[in-house]
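A.B. asks: Just a sequence and a predicted model for now, questions to come.
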Protein chains: 6
Amino acid sequence: MTTWLPTLITDTPEEGYELAVKMARVAIKMTQPDAKIREDLRPKYAGDFDALIASSQVVATHFAAVAAANGYWKNT
Amino acid sequence: MTTWLPTLITDTPEEGYELAVKMARVAIKMTQPDAKIREDLRPKYAGDFDALIASSQVVATHFAAVAAANGYWKNT
Amino acid sequence: MTTWLPTLITDTPEEGYELAVKMARVAIKMTQPDAKIREDLRPKYAGDFDALIASSQVVATHFAAVAAANGYWKNT
Amino acid sequence: MTTWLPTLITDTPEEGYELAVKMARVAIKMTQPDAKIREDLRPKYAGDFDALIASSQVVATHFAAVAAANGYWKNT
Amino acid sequence: MTTWLPTLITDTPEEGYELAVKMARVAIKMTQPDAKIREDLRPKYAGDFDALIASSQVVATHFAAVAAANGYWKNT
Amino acid sequence: MTTWLPTLITDTPEEGYELAVKMARVAIKMTQPDAKIREDLRPKYAGDFDALIASSQVVATHFAAVAAANGYWKNT
């Protein structure tokens, strides 16, 4: 059985950040499951600064949880 | 007596994420209890990238609490 | 002396969620104390998906605090 | 010497909520110090549901900190 | 060597709040380094209630971190 | 192997703040990888107060995590 989110633990902060980006995107897929529509929307929001900043906000919120889960990688 | 939210504890991070999605949606149902109106709105916001990103933000906020409740699934 | 918020402690996660919904609404009443105006606004924002999502975000923020106050109902 | 924020400690959750409302308003006064302009703006945003919800979000964020400061009033 | 942010520790909650306001403003300066443009924008957003509320949200987020850093000034 | 985020630990609060600004920007690059488009967008959002405030909000969210990672620099 595969899962897209087996753990919040990552080796490095950068991998934790990439996980946060993924976590931000999955909710969008769950609300808009049609890949064709998402592909149509993507270039539009990637060229819209308000949307880019709002996306970055979602990443920041997920990153905070991932970082806490990893004890902030203090021993890395 | 049934409840839609018996516990914040889940077996895996992915189930915790799905719970966060559910928690984001219930508040919308409580503010707009008319299922017909919600069904009319759904395709509109699912095609609106600002709304998709904002929904993802709500999921992120709920996920942070669910993750903390589960001790970040460190022993999973 | 009655109070609308005697405690953050609830028996179950679902009651904690309902409390968070109440907490989100009280701030609106305090900023717009005129019940007539609020009643006029309500159907409008209940039919506006951006407003519904934003309301759900406020609930998520309050729920996080309520959940922490209850030790995430781990012993429920 | 008086201060508008001598402490985050309150006797009850409801007083903590009222403090959060005050904390949300002070930042607005500091950005728009002209009381006349603020008075002109007030009825406008009090009749605008997006603004009412956004204000409630600020209160929720401050309330989380006030609640943590008070140990969630668990011994109240 | 001077720094605009030598510490998060303040003597009082009110000074912590003022620090949070400063922290909210510095990010704006870093994104828009031209003081002339910022001065042109300032009266516009100070007369726009959505912007005033959004600014207050940023202050609330920074205040939460400053308050935690200071142990919520419990011994003040 | 280089990484843009080797650690969340910084010597000072100011360096932590600069790291938070960087963290806010990286998510935007990941969503809009075309440097030319980002350069075209930059002066537009740097002259738009809503975007400036929203950017500051993202920085605040990242700063909270960086500050927690550093124990709020209490021994600095």
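C.D. replies: Everything's here; your move. Everything quoted here is computed from the prediction, not taken from an experiment. Residues are numbered from 1 along each chain as shown, chains lettered A, B, ... in the order given.
A.B. asks: List the neighbours of stretch A:20-31 that are in contact with it.
C.D. replies: Contact partners of stretch A:20-31, identified using C-beta atoms under 8 Å, 6 or more residues apart in numbering or on different chains, comprise A:4-5, A:38, A:55, A:58-60, A:62-63, A:66, B:17, B:21, B:45-46, B:52-53, B:55-56, B:59-60, B:63, F:27, F:30. No exception for glycine: its C-beta is placed from N, CA and C like everyone else's.
A.B. asks: from what I can see A:Ile9 touches A:Asn70, true?
C.D. replies: Yes - the criterion here is C-beta atoms under 8 Å, and A:Ile9 meets it with A:Asn70 at 6.0 Å.
A.B. asks: And those two? Which one has more around it.
C.D. replies: Neighbours were counted for A:Ile9 and for A:Asn70 using other C-beta atoms under 10 Å in any protein chain shown; A:Asn70 has more, 24 against 18.
A.B. asks: how close does that one get to chain D?
C.D. replies: The gap separating A:Asn70 from chain D is 22 Å, by C-beta to the nearest C-beta, to the nearest Å.
A.B. asks: list the contacts for that residue?
C.D. replies: Residues near A:Asn70 by C-beta under 8 Å, 6+ apart: A:8-10, A:13, A:16.
A.B. asks: Now, those that are in helices?
C.D. replies: The helices, defined by DSSP state H, take in A:13, A:16 from the contacts of A:Asn70.
A.B. asks: okay, the contacts of A:Asn70 in a markdown table with pLDDT next?
C.D. replies: A markdown table is the format used below for those (pLDDT from 0 to 100):
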| residue | pLDDT |
| --- | --- |
| A:Leu8 | 98 |
| A:Ile9 | 98 |
| A:Thr10 | 97 |
| A:Pro13 | 98 |
| A:Gly16 | 98 |
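A.B. asks: of the contacts of A:Asn70, closest to chain B?
C.D. replies: Checking the contacts of A:Asn70 against chain B with C-beta to the nearest C-beta, the nearest one is A:Leu8 at 5.3 Å.
A.B. asks: Give the burial count for the closest one, as a bare number.
C.D. replies: A:Leu8 has 25 nearby residues by other C-beta under 10 Å.
A.B. asks: Please tell me the pLDDT value assigned to the nearest residue to it once chain neighbours are set aside.
C.D. replies: Setting aside the residues directly before and after it, A:Leu8 is nearest to A:Ala69 in space (C-beta to C-beta, 6 or more residues apart in numbering or on different chains), at 3.9 Å. With respect to pLDDT, A:Ala69 scores 98.
A.B. asks: likewise A:Thr2?
C.D. replies: pLDDT, A:Thr2: 80.
A.B. asks: Do you have the helices of chain A handy? List them.
C.D. replies: Using DSSP H, the helices assigned to chain A run over residues A:13-31, A:35-46, A:49-69.
A.B. asks: Output those helices as a markdown table; include the columns mean neighbour count and distance to D:Lys74.
C.D. replies: Output for these, formatted as a markdown table (neighbours: other C-beta atoms under 10 Å in any protein chain shown; distance: least, C-beta to C-beta, whole Å):
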| stretch | mean neighbour count | distance to D:Lys74 |
| --- | --- | --- |
| helix A:13-31 | 20 | 32 |
| helix A:35-46 | 14 | 43 |
| helix A:49-69 | 24 | 22 |
